[in-house]
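Q: I'd like to go over a predicted model; first the sequence, then the structure.
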Amino acid sequence: MTTAPAIELRTFTTLDTVRRDLIDVYADVRAPLLHLPNYAVTAFGERLDRHGTEPGFVAVLAYADDHPVGYAYGTTIEHGNRYWHRTTPAPAARYTERPAVALKEIGVRSPWRKTGTAIRIHDTFLTTRDEPFVTLMVNPAAGDGKVHALYRTWGYEDIGQSQPSPASPVLTVMIRASH
């Protein structure tokens, strides 16, 4: 890991002032995949707008010289949420009986990768949460498996698979204690 550049982490609880920055960073981070329907900027914008109205929405963005360089956002998911219904096999009740936080997206622009920026964003995001567990979905092919492996080093474990939409690849569902 190289030395982390100076960044400022900012937390937001609404999309109003941060939507454009989230989309800009997303488009840069996902540039090689934007031709795929599920990864298109318009599809991300639609998901973002929906997630921004869900309970417990929080976004954390990293800025370097007032330029957004990374982000994470998530929402609260309750027992019975479609997130859990789409996960196979069904997750253990200890994960789903109380609200959990779903980390919906995390991304860091290339120059800030391998600097600790992603884990700083992640950990700052978790400081805003009271839920006992945090879950995320990862494309096991992302980064030739490196992204999935990175999440394991952060303490996540695989609990199943999900295909959130017909255009989405089959994703690995991961979970860990939030604190």
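A: Cool, got the structure. Numbers count the residues shown, from 1 in each chain.
Q: the helix or strand containing V101 packs against which elements?
A: Assigning secondary structure by DSSP states H and E places V101 in strand 100-108. Judged by 3 or more Cβ pairs under 8 Å, 6 or more residues apart in numbering; DSSP states H and E, the packing partners of strand 100-108 are helix 19-29, strand 67-77, helix 117-127, strand 133-138. Any C-beta I mention is one placed from the backbone N, CA and C, and that applies to glycine too.
Q: export these to TSV and tack on distance to E105, mean pLDDT and mean neighbour count?
A: Formatted as TSV, the helices and strands packed on strand 100-108 follow (distance: least, Cβ to Cβ, whole Å; pLDDT from 0 to 100; neighbours: other Cβ atoms under 10 Å):
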stretch	distance to E105	mean pLDDT	mean neighbour count
helix 19-29	7	96	17
strand 67-77	6	97	22
helix 117-127	11	97	19
strand 133-138	9	98	22
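Q: quick one: those as JSON lines, columns for distance to L171 too.
A: Listed next are the helices and strands packed on strand 100-108 as JSON lines, based on distance: least, Cβ to Cβ, whole Å:
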{"stretch": "helix 19-29", "distance to L171": "17"}
{"stretch": "strand 67-77", "distance to L171": "15"}
{"stretch": "helix 117-127", "distance to L171": "18"}
{"stretch": "strand 133-138", "distance to L171": "4"}
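Q: so for H51, which of these sits nearest?
A: Among the helices and strands packed on strand 100-108, strand 67-77 comes nearest to H51, with 5.6 Å by Cβ to Cβ.
Q: so what touches the following helix or strand past that closest one?
A: Using DSSP H and E, the helix or strand that follows strand 67-77 towards the C-terminus is helix 82-85. Residues from elsewhere that reach helix 82-85 (Cβ atoms under 8 Å, 6 or more residues apart in numbering): 77, 90-91, 96, 102, 135, 162.
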